[in-house]
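*Asks:* Can you look at this prediction? I've put the sequence above it.
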Amino acid sequence: MAPSNTLKPCDFVIFGGTGDLAKRKLLPALYMYERESRLPADFRIIAVSREEWSTEQFRDYCEGEDAVKGFLKGAWEQSVWDVFRRRLHHAEAQLGESSPGLPNLAKILPMTPNAPLRVFYMALPSELMGPTCEAIRDQGLASGRDRVVLEKPIGASLVGAKQVHERIRHTFGENDIYRIDHYLGKETVHNIPVLRSDSSLLGLLWDHAWVDRVEISVSEEVGAGDRIEYYETAGALRDMVQNHLLQILCLVAMEPAENSSKATLRVAKCEILKSLGEIAEGDSVRGQYEAGSGMPGYSEEVGAFAGVDSLRRAPNSTLTETFVAIRVRLNDNSRWRDVPFFLRTGKRLDRREAQVVMHFVTTPTSGASVTPKRLVIHIQPDDGATLFVSVSGSYPSESADAQLELHFPRAFPSSRTPEAYERLLADVVNGDPELFVSGAEVEASWKWIDSIKEMWNSGTPDLRLYPAGTTGPATGEWPHDGRAPKKRG
């Protein structure tokens, strides 16, 4: 459902304000609040970039078909844009270790006793986050009650994440740091704790006595595209598993929060991350798409990339993974004793789909009964959940499969489901940290990811090639359960 709250007065500063994230997600999300009359009069949006543009030039740029207007599609209304446009401002700045500071931004943001809340959004590579926060402090732009938003990934390892955190904490307190993972803003994902609460029907099934295994998958039809420079440094493990898939795993596996405290939720997720078992040989598969279905292979795309000389290399010389499948075990966890979790993600696959599938144990029946078979939590492209059950009558011949569905758009037909960034930006401005990631979570996830990367760097397992437009490497190469299916009774 669309959030009903109006945002608080704010100066919303986007570093990287002319970049891909700003024009595709951030500015369209704020525009939707304008369209629904939820932005107060004293709400400004300041884009900071290297472009030597005036504010009017930036406003004109945003109105272009290849910028904000183009990504709003059917939501564009000229009358709404005319109002929203006046909120937009631009400040040129050269960011980095040798930055001359932020004098142009300071002209737009003078420090006055009645200055509104300031939100500093870091739509930047993580190596620029620390220097930029220090520039904010040195320029006198931090009032002590502002907030900073960190866009993933934060660092490229545990060491890197700790370095970023240390520098940012010189300017902002931990309670003012909002680490964003947009998957947590998706309707189904942030409702997982509600679906599995102890007071719900599904909550009664949420443990090893009923669950045989859990699969969490995110499939993408697109390739690396114009993110290939970043992707060569990250790969699917760091880009998708380290944040999105592990956060979903936490929401599925954590203990139900005993109260509504935001801190309690973060602690529960961090406990799951710290319990992730060591990955052994045979627990992971990494792959890379090659040419197929009329699309080039990843190595060909890297070889043709002209943006950075260091990325120009011979075809087939890159070992960056575009597909990952991992079997995960949780150590010292009584709820999920002997229940494996399977994480899987990849690019250039045969479909765009994200879901959680919980397979229930086989249950012998006698007489009339309804027994669960599996639960599918749909994340994208559709929102909702489907419970597949087996319905048995009084006689063995009287049995059939059925399904119970919850589809959010149909359940709330009068409400528009907001995009993930809409929900999350409102939570930042209004001071609700529940759907954001703590520093401890980030560092715990990197510790586990680093151990996998270290194993891969030794050459285990081999990189498996798969044709673009397929399901990935042959399923026989994926990590498998290796157990006989569990049975109840």
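*Replies:* Arrived safely.
*Asks:* Run through the residues that contact Gly292.
*Replies:* Listed by C-beta atoms under 8 Å, 6 or more residues apart in numbering, the contact set of Gly292 reads 348, 466-470. In short, each C-beta sits where N, CA and C put it, glycine included.
*Asks:* now, the most widely separated pair of those residues?
*Replies:* Across these, the longest distance by C-beta to C-beta is 9.4 Å; it joins Tyr466 and Gly469.
*Asks:* Would you mind checking the contacts of Gly292 for buried ones?
*Replies:* The neighbour-count test (16 or more other C-beta atoms under 10 Å) marks 348, 466-469 as buried among the contacts of Gly292.
*Asks:* Near Gly431, how many other residues are there?
*Replies:* Per other C-beta atoms under 10 Å, the neighbour tally for Gly431 reads 12.
*Asks:* ok now do it, which residues does it touch?
*Replies:* 8, 147.
*Asks:* Would you state the strands of the stretch 51-200 of the chain in chain order?
*Replies:* Per DSSP state E, counting those that start in this stretch, the stretch 51-200 of the chain carries strands over the ranges 88-92, 117-122, 147-151, 177-180.
*Asks:* Can you work out which other helices and strands pack against the longest one?
*Replies:* For strand 117-122, the packing partners by 3 or more C-beta pairs under 8 Å, 6 or more residues apart in numbering; DSSP states H and E come out as strand 10-15, helix 126-138, strand 147-151, helix 420-430.
*Asks:* The first one vs strand 88-92, what angle?
*Replies:* Put plainly, it is strand 10-15. With axes from the mean of the first three to the mean of the last three C-alpha atoms, to 10 degrees defining the directions, strand 10-15 sits at 40 degrees from strand 88-92.
*Asks:* got a list of contacts for strand 10-15?
*Replies:* 22, 26-27, 30, 43-48, 93, 95, 105, 109, 115-124, 128, 132, 425, 429.
*Asks:* ChimeraX command for the buried members of these?
*Replies:* Selecting just the buried residues from those in ChimeraX takes one command, with 16+ other C-beta under 10 Å as the test:
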select :22,26,27,30,43,44,45,46,47,48,93,95,105,109,116,117,118,119,120,121,122,123,124,128,132,425,429
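*Asks:* My understanding was that Glu220 contacts Lys347; is that so?
*Replies:* Yes: with contact defined as C-beta atoms under 8 Å, Glu220 reaches Lys347; the gap is 4.9 Å.
*Asks:* Neighbour count: the two, which is higher?
*Replies:* Neighbours per residue, other C-beta under 10 Å: of Glu220 and Lys347, the larger number sits with Lys347, 25 against 19.
*Asks:* Next up, the contacts around Val48.
*Replies:* 13-17, 90-93, 95, 102, 105.
*Asks:* tell me the angle of the helix or strand that contains it relative to strand 88-92?
*Replies:* Val48 belongs to strand 43-49 when assigned by DSSP states H and E. Angle, strand 43-49 to strand 88-92, by the same axes, to 10 degrees: 30 degrees.
*Asks:* partners of strand 43-49, with directions?
*Replies:* Taking DSSP bridges as the criterion, strand 43-49 sits next to strand 10-15 (parallel), strand 88-92 (parallel) in its sheet.
*Asks:* Compare the ones you listed and give me the one nearest Val164.
*Replies:* strand 10-15 (14.1 Å).
*Asks:* if we look at the helix or strand following that closest one, which residues are touching it?
*Replies:* Once the chain leaves strand 10-15, the next helix or strand it forms, by DSSP H and E, is helix 20-21. Residues outside helix 20-21 that contact it (C-beta under 8 Å, 6+ apart): 123, 151, 226-227.
*Asks:* Return a ChimeraX selection command for the buried portion of those residues.
*Replies:* Those of those that count as buried under 16+ other C-beta under 10 Å are selected in ChimeraX with:
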select :123,151
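*Asks:* Now tabulate the strands of the stretch 51-200 of the chain in JSON lines and tack on distance to His208.
*Replies:* Shown next, in JSON lines, are the strands of the stretch 51-200 of the chain (distance: least, C-beta to C-beta, whole Å):
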{"stretch": "strand 88-92", "distance to His208": "53"}
{"stretch": "strand 117-122", "distance to His208": "40"}
{"stretch": "strand 147-151", "distance to His208": "35"}
{"stretch": "strand 177-180", "distance to His208": "31"}
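*Asks:* Out of these, which is closest to Cys62?
*Replies:* Closest to Cys62 of the strands of the stretch 51-200 of the chain is strand 88-92 (C-beta to C-beta; 6.4 Å).
*Asks:* Output the below-cut-off pLDDT ranges for the chain.
*Replies:* 1-5, 198-199, 258-262, 306-317, 364-370, 393-399, 408-415, 482-489 (pLDDT under 70).
*Asks:* tell me the domain ranges of it?
*Replies:* Per the record, the chain has its domains at 10-180, 187-418+460-477, by automatic domain parsing.
*Asks:* Need these in a markdown table (columns: distance to Ser445).
*Replies:* Shown next, in a markdown table, are the domains of the chain (distance: least, C-beta to C-beta, whole Å):
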| stretch | distance to Ser445 |
| --- | --- |
| domain 10-180 | 9 |
| domain 187-418+460-477 | 5 |
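*Asks:* I'd like to know which of those is closest to Gly439.
*Replies:* Proximity to Gly439, assessed across these by C-beta to C-beta, is greatest for domain 10-180 (5.3 Å).
*Asks:* first vs last residue of that closest one, how far apart are they?
*Replies:* With C-alpha to C-alpha, to the nearest Å applied, domain 10-180 spans 19 Å between its terminal residues.
*Asks:* And for stretch 213-225?
*Replies:* 34 Å.
*Asks:* Just the element for Phe388, please.
*Replies:* Counting by DSSP H and E, Phe388 is part of strand 384-392.
*Asks:* what pairs with that strand, and is each one parallel or antiparallel?
*Replies:* Strand 384-392 has the following strand partners under DSSP bridges: strand 369-380 (antiparallel), strand 399-407 (antiparallel).
*Asks:* highest average neighbour count across the ones you listed?
*Replies:* Each of these was scored by mean neighbour count; the highest is strand 369-380, a mean of 19, by mean count of other C-beta atoms under 10 Å.
*Asks:* in the stretch 251-400 of the chain, which spans are helices?
*Replies:* With DSSP state H, counting those that start in this stretch, the ranges of helices along the stretch 251-400 of the chain come out as 262-274, 298-304.
*Asks:* on contacts alone, who are the packing partners of the longest one?
*Replies:* Packing partners of helix 262-274 (3+ C-beta pairs under 8 Å, 6+ apart): helix 246-253, helix 439-457.
*Asks:* Now do it against helix 439-457, angle only.
*Replies:* Interaxial angle of helix 262-274 relative to helix 439-457 (the same axes, to 10 degrees): 20 degrees.
*Asks:* Grab the CA positions of helix 262-274 and hand them over as CSV.
*Replies:* Only the C-alpha atoms of helix 262-274 are listed here, as CSV (Å, rounded to 0.1, in the frame of the first residue of the first chain):
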residue,chain,number,x,y,z
LYS,A,262,14.0,-1.4,15.5
ALA,A,263,17.2,-2.3,17.4
THR,A,264,15.8,-5.8,18.2
LEU,A,265,15.1,-6.5,14.5
ARG,A,266,18.7,-5.5,13.6
VAL,A,267,20.1,-7.7,16.4
ALA,A,268,18.1,-10.7,15.3
LYS,A,269,19.3,-10.3,11.7
CYS,A,270,22.9,-9.9,12.8
GLU,A,271,22.7,-13.2,14.9
ILE,A,272,21.8,-15.0,11.7
LEU,A,273,24.7,-13.5,9.8
LYS,A,274,27.1,-14.5,12.5
